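Trainee: Next one to model:
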Amino acid sequence: MLNSAQLTILRQDLLEDAAISYKEVLDELLDHYASLTERGIDEGYSFEEASRKAWISLGSGQGISHIQERYKKLLLKQMQVQHWAIVRRYFGWPTLVTTLLIGVLTYFIAKAVPPGALPLAFVVLVLVPYLLFIPSELRLFWRERIRKQQTLTSLRREVVYRQARYGNYLYLIVIQLPALAASLFLDGTRWYPNRPYLFEWHAGLSAALAFVAILYTLTYIELYKMQSTQGFANV
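Mentor: Here you go, the predicted model:
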């Protein structure tokens, strides 16, 4: 077994020479790096020789960096698959009943609320996922800026954060693109940037758009909870 000082040396190799920047990747590679080094020591090599052979076996600096990128792409793909699986579950039995009730309730609310309320609710809903990260951002700020601790980014947290970009796409499609299209056909006295044109056509369309935002927010919160239980810790 390697002692703590030797493990620290291997850890620094990964951080400095391979530019490993994610906690999960560092943990996996350090475990593999240490195992290869221990095997070399068992074969009669010194720690320095065994670690050098292990480093080459891992692919040296550039090769190890590529491992990190492949791991990141794989995790992102897995997260997307998991998110869509959650969305599909909302349309499966018996959850479909709840989904339909939410849709009907959204329609009646769309007919009852003032015209400007639903677009505002839509924008708030698609931005809610970003609010989930505020507590962890504050903790990270405290550790890095106040306590001056060296930290590594949680890859799992970063990938979950990237999934929130779908809220940006919804805002772009529902709010900005219709406003851009209107600017091409309306004169300046009747056109306003970021005006929620789609919400002004029909209560049914407004309800459908709000329902999409609600569904996106609910599924994202569920994804966030599932992943956060596995840990977003930064070290």
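Trainee: List phi and psi for the residue sitting furthest away from the middle of the chain.
Mentor: Residue farthest from the centre of the chain, counting by C-alpha atoms, centre = their mean, is G44 at 45.1 Å. Dihedral angles of G44 (phi, psi; degrees, to the nearest 10) stand at phi 110, psi 0.
Trainee: repeat for L180
Mentor: Torsion angles, degrees, to the nearest 10, at L180: phi -70, psi -40.
Trainee: what's the answer for T153, then?
Mentor: The phi/psi pair for T153 (degrees, to the nearest 10) is phi -80, psi 140.
Trainee: repeat for S21
Mentor: phi -120, psi 0.
Trainee: Run a quick neighbour tally on it.
Mentor: Residues near S21, counting by other C-beta atoms under 10 Å, number 15. The C-beta positions use only the backbone N, C-alpha and C, and glycine is treated the same way.
Trainee: same thing with V87?
Mentor: Around V87 there are 16 residues (other C-beta under 10 Å).
Trainee: So which elements touch the helix or strand hosting it?
Mentor: Using DSSP states H and E, V87 maps to helix 60-89. Counting contacts by 3 or more C-beta pairs under 8 Å, 6 or more residues apart in numbering; DSSP states H and E, helix 60-89 packs against helix 23-42, helix 155-163, helix 203-228.
Trainee: mind giving me a markdown table with the ones you listed and columns for mean pLDDT and mean neighbour count?
Mentor: Listed next are these as a markdown table, based on pLDDT from 0 to 100; neighbours: other C-beta atoms under 10 Å:
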| stretch | mean pLDDT | mean neighbour count |
| --- | --- | --- |
| helix 23-42 | 92 | 18 |
| helix 155-163 | 88 | 19 |
| helix 203-228 | 90 | 18 |
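Trainee: is it possible to export these to JSON lines including distance to L138?
Mentor: Formatted as JSON lines, the helices and strands packed on helix 60-89 follow (distance: least, C-beta to C-beta, whole Å):
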{"stretch": "helix 23-42", "distance to L138": "18"}
{"stretch": "helix 155-163", "distance to L138": "14"}
{"stretch": "helix 203-228", "distance to L138": "15"}
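Trainee: Out of those, which gets nearest to L118?
Mentor: Of all those, the one in closest proximity to L118, counting by C-beta to C-beta, is helix 203-228 (5.1 Å).
Trainee: Which elements pack onto that closest one?
Mentor: Using 3+ C-beta pairs under 8 Å, 6+ apart: helix 203-228 touches helix 60-89, helix 95-112, helix 117-131, helix 155-163, helix 165-171.
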